[in-house]
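[1] Next one to model:
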Amino acid sequence: MIRSDVFLRKLFDTAVAAASPENCMQKWLPMRPDGRVVIVGAGKAAASMALELEKHWAEPLEGVVIVPYGHSADCKSIEIIEAAHPVPDDAGLAAARTVLERVTDLSASDTVVCLLSGGGSALLSLPASGVTLAEKQALTSQLLRSGAAIHEINCVRKKLSAIKGGKLAAACAPAAVITLLISDVPGNDASIVASGPTIADTTTPADALGILKRFDIEISDAVRAAIETSEVVKIVDADVRILATSDDAMLASAASAEDQNVTPYVLGDLNADATQLAEEHSELAIQIAAGFGPITAPCVILSGGETTVNVRGDGRGGRNGEYALALAIALNGHASISAIACDTDGIDGTGDNAGSLVSPDTLARAAASNVNANEMKDNNDSYNFFAAINDLVFTGPTLTNVNDFRAIHISE
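    Numbers count the residues shown, from 1 in each chain. As a prediction, this is how the structure comes out:
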C-alpha cells in the first residue's frame with residue numbers, strides 16, 4: 001500500500017520541478033537579440049532564471065537582478081543582489097536604484113530582458129517621490145496582515161513606486177524590452193506579478209484608495225498625495241512570455257499521481273480565506289471517502305492559487321500552515337484522509353518551512369504532546385503546532401515560485 005506522506009511529498013516535489021527555470025525556461029526563451037543585452041529583474045526565481053539565461057545565450061551579457069536573502073545563484077556575468085522579503089529594506093531600496101541605473105541612457109539597438117517572479121514587489125522597493133521607505137514598510141506590513149489578496153496589495157504598491165506599474169519599461173526607452181516571468185498569481189495576470197514593472201498598469205488611484213479604505217488602513221497625507229498623483233504608464237508592443245504557472249505544477253503532479261494509480265481531481269487556482277477553504281475541502285474529501293463524491297478513492301484533490309489569512313494572534317506561521325491546521329481540525333482524524341499544503345517557493349510566510357503535512361493521527365499526536373489544536377489555530381500559531389509533531393515540510397528556497405500547492409489524498 002502506498003504511504004500517504006511519501007506520496008504527497010513526491011507530488012509536491014514534482015510540482016516544484018515542473019516550475020523550475022531549469023525545466024521551463026528554454027521552451028519560451030527567444031533567440032538572443034543582436035547588440036547590447038541588459039538583464040534586470042527581481043523575485044524568488046530571478047537568480048535561477050538569470051543562470052539559465054547565461055547557459056543558453058552567448059556573451060556578452062550584463063545586468064543585475066534582486067532576490068530575497070538565500071535565493072542567489074552562481075551567475076558569471078549577471079550581478080545578484082539580495083534584499084529583504086516580504087517587507088522591503090534598505091538593501092532592496094539601493095538595489096532598485098541600481099536596476100534603474102542599468103537601463104538608463106540605452107539606445108534603440110539595445111535590448112533589456114526583465115526576469116520577474118513572485119516576491120519582486122518587495123524587492124523593487126523604490127518609493128515614489130514624497131514617500132519614505134519606512135512608510136512603505138509599515139503599509140506593506142499592514143496589508144500583509146489584513147487578509148488583502150495579492151492583486152490588492154500590488155495595486156497599492158504600484159501607486160507608491162517609482163519603478164513598478166510599467167515605470168521600469170518607460171525608463172528603458174527607446175530600447176526593446178522582453179519580459180520573462182514565472183507567475184505566482186491566480187489567473188496569471190502579468191501586470192500583477194512583481195507589480196508589473198514592465199507591464200501597463202490598468203489600475204487607478206481610486207482603486208488603491210478603495211482597497212486601503214476597505215481594509216481600514218490609515219495613511220499619511222504624503223502617501224495619499226503620492227497615490228492620487230501617481231503616473232499611469234501605458235506600454236505598447238510589449239513582449240511578455242509566461243514561462244511557468246500553477247497549472248503547470250498541478251498538471252505535472254496530476255500525471256505523477258496517475259503513474260501511481262491514484263486518480264487526480266484538479267480544482268485549479270483558488271483564492272479564498274485559508275480556514276474557509278480548508279473547511280470546504282474537508283467536506284469534499286469526507287464525501288469522497290464515503291463514496292458520495294465526484295470521484296472514487298484512491299484519489300487526490302489538487303489545488304493551487306493563494307489563500308489569505310486575517311491575522312488575529314501573535315503566533316508563527318504562513319497561509320499554508322493556517323490551511324493545514326484548519327483542515328486537520330475539520331477532518332478530526334478521518335482514517336482515510338491525509339494532506340500536504342506548501343508554498344512552491346519553499347517558504348511559507350516568514351518561516352523557514354515550505355508548509356506542513358496532515359495525517360489521520362495529527363490531532364491525536366498533538367494532544368499526546370499537550371498541544372491544543374484549536375488554541376494554536378486561534379493564535380495563528382500553525383508553525384509551532386506542526387513543529388511539535390514533526391510534520392513541518394522543509395525544502396529551503398526552491399528558486400521558483402508558482403504559489404501554493406495543496407494535495408489531499410483519499411485512500412481506499
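[2] thought residue 18 was touching residue 247?
    No: at 9.7 Å, residue 18 does not count as touching residue 247 under the criterion of C-beta atoms under 8 Å. Where you see a C-beta, it was placed from the backbone N, CA and C, and this is true even at glycine.
[3] which of the two has more neighbours?
    residue 18 (23 against 17; other C-beta atoms under 10 Å).
[4] any idea how far that one is from residue 251?
    Remark: distance between residue 18 and residue 251 (C-beta to C-beta, to the nearest Å) = 8 Å.
[5] do residue 314 as well
    From residue 314 to residue 251 the distance is 39 Å (C-beta to C-beta).
[6] do the same with residue 305
    Residue 305 is 15 Å from residue 251, by C-beta to C-beta.
[7] ok, the two, which is more surrounded?
    Between residue 305 and residue 251, counting by other C-beta under 10 Å, residue 305 is the more crowded of the two (23 against 16).
[8] my guess is that one contacts residue 270, does it?
    Yes: counting by C-beta under 8 Å, residue 305 does reach residue 270; the two are 4.3 Å apart.
[9] what is in contact with the two at once?
    Jointly contacting residue 305 and residue 270 under the rule C-beta atoms under 8 Å, 6 or more residues apart in numbering are residue 186.
[10] quick one: the strands in this structure?
    37-42, 62-68, 79-83, 111-116, 176-182, 239-244, 263-270, 299-305, 337-343, 355-358, 392-393, 404-410 (DSSP state E).
[11] now the ones you listed as CSV including mean pLDDT and distance to residue 320?
    Listed next are those as CSV, based on pLDDT from 0 to 100; distance: least, C-beta to C-beta, whole Å:
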stretch, mean pLDDT, distance to residue 320
strand 37-42, 98, 23
strand 62-68, 97, 17
strand 79-83, 97, 24
strand 111-116, 97, 23
strand 176-182, 96, 19
strand 239-244, 95, 19
strand 263-270, 96, 13
strand 299-305, 97, 11
strand 337-343, 98, 4
strand 355-358, 98, 4
strand 392-393, 98, 9
strand 404-410, 98, 6
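[12] Touching, residue 171 and residue 104? I think so.
    Yes: in this structure residue 171 lies within contact range of residue 104 using C-beta under 8 Å: 6.3 Å.
[13] Looking at these two, which one has more neighbours?
    Set residue 171 next to residue 104 and count neighbours by other C-beta under 10 Å: residue 171 wins out with 24 against 8.
[14] Quick check: the gap between that one and residue 105.
    Taken as C-beta to C-beta, the span from residue 171 to residue 105 is 10 Å.
[15] again, but for residue 170
    Applying C-beta to C-beta, the value for residue 170 to residue 105 is 14 Å.
[16] Mind checking which of those two has more residues around it?
    residue 170 (17 against 9).
[17] which ones are touching the more buried one?
    With the criterion set at C-beta under 8 Å, 6+ apart, residue 170 makes contact with 233, 235.
[18] And the pLDDT for it?
    Looking at residue 170, its pLDDT stands at 92.
[19] Would you agree residue 235 is in contact with residue 166?
    Yes: using C-beta under 8 Å, residue 235 is in contact with residue 166, at 5.3 Å.
[20] between these two, who's got more neighbours?
    Taking neighbours as other C-beta under 10 Å, residue 235 and residue 166 compare with residue 166 leading, 24 against 18.
[21] Just list the residues touching the closest residue to that one other than its chain neighbours, thanks.
    Closest residue to residue 166 apart from its sequence neighbours, by C-beta to C-beta, 6 or more residues apart in numbering: residue 233 at 3.3 Å. By C-beta under 8 Å, 6+ apart, the contact list for residue 233 reads 165, 166, 167, 169, 170, 200, 201.
[22] 7 Å instead?
    Counting by C-beta atoms under 7 Å, 6 or more residues apart in numbering, residue 233 touches 165, 166, 167, 170, 200, 201.
[23] what comes up buried for stretch 359-372?
    Using 16 or more other C-beta atoms under 10 Å as the test for burial, stretch 359-372 gives 359, 360, 362, 363, 366, 371.
[24] actually stretch 329-337, not the one I wrote
    Using 16+ other C-beta under 10 Å as the test for burial, stretch 329-337 gives 329, 330, 331, 334, 336, 337.
[25] Tell me how far residue 114 lies from residue 9.
    Residue 114 is 34 Å from residue 9, by C-beta to C-beta.
[26] And residue 149, by the same measure?
    Residue 149 is 28 Å from residue 9, by C-beta to C-beta.
[27] So for residue 236, what pLDDT did the model give?
    Per the predicted model, pLDDT is 64 at residue 236.
[28] An error on my part: the question was meant for residue 401.
    95.
[29] Is there a neighbour count for it? I'd like the number.
    Residue 401 has 28 nearby residues by other C-beta under 10 Å.
[30] next one: residue 35
    The tally of other residues near residue 35 (other C-beta under 10 Å) stands at 12.
[31] Who are the contact partners of it?
    Contacts of residue 35 (C-beta under 7 Å, 6+ apart): 109, 110, 111.
[32] Distance to residue 127 and neighbour count for those - can I get that in CSV?
    As requested, the contacts of residue 35 are exported to CSV (distance: C-beta to C-beta, whole Å; neighbours: other C-beta atoms under 10 Å):
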residue, distance to residue 127, neighbour count
109, 32, 12
110, 27, 18
111, 28, 21
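[33] Specify which member of those residues is nearest to residue 294.
    residue 111 (48.6 Å; C-beta to C-beta).
[34] from what I can see the closest one touches residue 179, true?
    No: Residue 111 lies out of contact with residue 179 (C-beta atoms under 7 Å); the separation is 11.5 Å.
[35] Have a look at residue 114 and residue 9 and say which one is more surrounded.
    It is residue 114, of residue 114 and residue 9, that has more neighbours when counted by other C-beta under 10 Å, with 29 against 17.
[36] how near is the more buried one to residue 106?
    Distance, residue 114 to residue 106, using C-beta to C-beta: 13 Å.
[37] on that earlier part again, and the buried residues of stretch 359-372 as CSV, adding distance to residue 5 and pLDDT?
    Shown next, in CSV, are those (distance: C-beta to C-beta, whole Å; pLDDT from 0 to 100):
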residue, distance to residue 5, pLDDT
359, 7, 98
360, 11, 98
362, 11, 98
363, 16, 98
366, 16, 98
371, 19, 97
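[38] All set, thanks.
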